[in-house]
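Student: Let's see this in three dimensions:
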Amino acid sequence: MIGTTSNSQIYVSLWHGMPLKKIGYLGFDSVGMEDYSANRIATSEIMRSVISACFREKANNVYITGQPRNDFLFENRAIDFTDKISKTNRKKIIFAPTFRENQTSLKYSDGDAIKENNFFRVTDFNIEALDIFLDENNAELFIKLHPFEEKTFISTELTKNITIIKTETLQEINLDINHLLNKMDILITDYSSIYFDYMLLDRPICFLIPDIDEYENLKGGFILEPVTFWMPGAHIFNQNSLQNELKKLLNGQDDYQKQRNTINNLINFYKDENSSERVFQKFFISKQ
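Tutor: Model (predicted):
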């Protein structure tokens with residue numbers, strides 16, 4: 001949705017990710033959507049069809065370039081606030097879920113707020129046990145909540161081995177979340193399309209989805225169905241199972257690499273750091 005469009009302008013829509021959840025005209029939030037034609041990008045033929053449907057765009061106006069922001073995944077920048085906390089030999093795990101409570105506008109929430117620090121939203125949550133597990137397995141956990149839920153935690157250090165990372169912290173040092181993902185050995189997520197990006201690094205992913213039935217009913221399903229086929233990793237419903245899966249991954253047992261490669265090939269045609277160049281060449285150089 002934009003304010004005004006002009007026939008004299010060339011509009012290029014990069015969006016902010018390839019969707020797994022229903023958005024635009026495929027979702028419940030299409031009220032107020034403005035129909036306009038734009039040059040749009042996608043990451044594969046499948047995602048070209050998805051973007052076309054979500055925005056009622058002609059498919060021949062959707063170009064497979066990859067997403068420019070994903071070039072940051074391949075930039076190995078020093079990140080002071082993690083490197084100071086982390087010992088170089090410790091494995092880094094990031095938990096990056098989508099939001100449930102929309103603290104910016106509660107009426108657009110997709111579930112309940114995080115209660116009593118239970119950021120995993122599981123019935124067997126035990127932060128002390130989690131901290132001990134991380135210590136025993138030479139690992140640390142970073143939590144990057146969706147910006148809509150970042151007011152949940154005031155302190156950024158929950159325990160010795162668990163740290164909250166906020167968007168404003170990244171912005172202060174001019175970093176994107178994909179710079180952070182570059183540093184991470186394992187991703188834990190749920191229905192966030194962040195894992196479409198992380199697959200470009202070919203590193204393990206765990207899907208913590210204790211509320212999948214409730215969430216799916218609330219959203220009217222997902223764009224890609226059956227959604228579990230498109231989730232290349234262990235599907236986990238409680239903390240105990242999560243710790244068991246993480247222990248295997250931390251010991252080098254990755255049971256989902258083949259499935260991850262299959263989904264990655266369907267979602268990401270390009271697997272390099274040249275998406276910005278392709279977008280520039282397509283929409284700027286070729287228009288001159």
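Student: Relative to residue 22, how far out is the residue lying closest to residue 259 once chain neighbours are set aside?
Tutor: Taking Cβ to Cβ, 6 or more residues apart in numbering, and ignoring the residues beside it in sequence, residue 259 has residue 232 as its nearest neighbour in space, at 4.2 Å. Just so you know, the C-beta spots here come from the backbone N, C-alpha and C atoms, and that holds for glycine as well. Relative to residue 22, residue 232 is positioned 21 Å away (Cβ to Cβ, to the nearest Å).
Student: Residue 180 too?
Tutor: Where residue 22 is concerned, residue 180 sits at a distance of 27 Å (Cβ to Cβ).
Student: Show me which of these two is the more surrounded one.
Tutor: residue 180 (23 against 19; other Cβ atoms under 10 Å).
Student: Check what pLDDT that one gets.
Tutor: With respect to pLDDT, residue 180 scores 94.
Student: That one should be in a helix, yeah?
Tutor: Yes - counting by DSSP: H, G, I helix; E, B strand; the rest coil, residue 180 is located in a helix.
Student: Verify the stated contact: it with residue 167.
Tutor: No - the pair residue 180 / residue 167 is not scored as a contact, 10.7 Å apart, by Cβ atoms under 8 Å.
Student: Would you check how far apart residue 227 and residue 169 are?
Tutor: Using Cβ to Cβ, we find residue 227 at a distance of 31 Å from residue 169.
Student: So for the two, which residue has more residues nearby?
Tutor: For residue 227 and residue 169, the more surrounded residue by other Cβ under 10 Å is residue 227, and the numbers stand at 19 against 14.
Student: Identify the residues contacting the more buried one.
Tutor: For residue 227, the set of contacting residues under the criterion of Cβ atoms under 8 Å, 6 or more residues apart in numbering consists of 20, 191, 212, 216, 221.
Student: What distance do you get for it to residue 213?
Tutor: Residue 227 sits at a distance of 11 Å from residue 213 (criterion: Cβ to Cβ).
Student: now swap in residue 19 and tell me
Tutor: Here residue 19 is placed at a distance of 20 Å from residue 213 (Cβ to Cβ).
Student: Give me the three-state assignment for residue 206.
Tutor: strand.
Student: now it, which residues is it bridged with?
Tutor: Assessed by DSSP bridges, residue 206 has beta-bridge partners residue 188, residue 234.
Student: In terms of neighbours, single out the busier of residue 19 and residue 213.
Tutor: When residue 19 is set against residue 213 and neighbours are counted by other Cβ under 10 Å, the residue ahead is residue 19, at 20 against 9.
Student: Please report phi then psi for the more buried one.
Tutor: The phi and psi values for residue 19, taken as degrees, to the nearest 10, are phi -80, psi 140.
Student: for it, what are its contacts?
Tutor: Applying Cβ under 8 Å, 6+ apart, one finds that residue 19 lies in contact with 50, 54, 193, 223.
Student: all helices of the stretch 51-200 of the chain, in order?
Tutor: Remark: helices of the stretch 51-200 of the chain, listed N- to C-terminal, are 80-85, 127-136, 167-172, 177-181, 194-198; assignment by DSSP state H, counting those that start in this stretch.
Student: CA atoms only for the fourth one, dumped as PDB, please.
Tutor: This means helix 177-181. Coordinates of each C-alpha in helix 177-181 appear next as PDB, following Å, rounded to 0.1, in the frame of the first residue of the first chain:
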ATOM      1  CA  ILE A 177      19.600  -9.000  11.100                       C
ATOM      2  CA  ASN A 178      21.200 -10.900   8.300                       C
ATOM      3  CA  HIS A 179      24.700  -9.700   9.500                       C
ATOM      4  CA  LEU A 180      23.700 -11.400  12.700                       C
ATOM      5  CA  LEU A 181      22.500 -14.600  11.000                       C
END
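Student: so how far is it from its chain's centroid?
Tutor: What separates the centre of helix 177-181 from the centre of its chain is 10 Å, taken as Cα atoms, centre = their mean, to the nearest Å.
Student: Great, nothing more from me.
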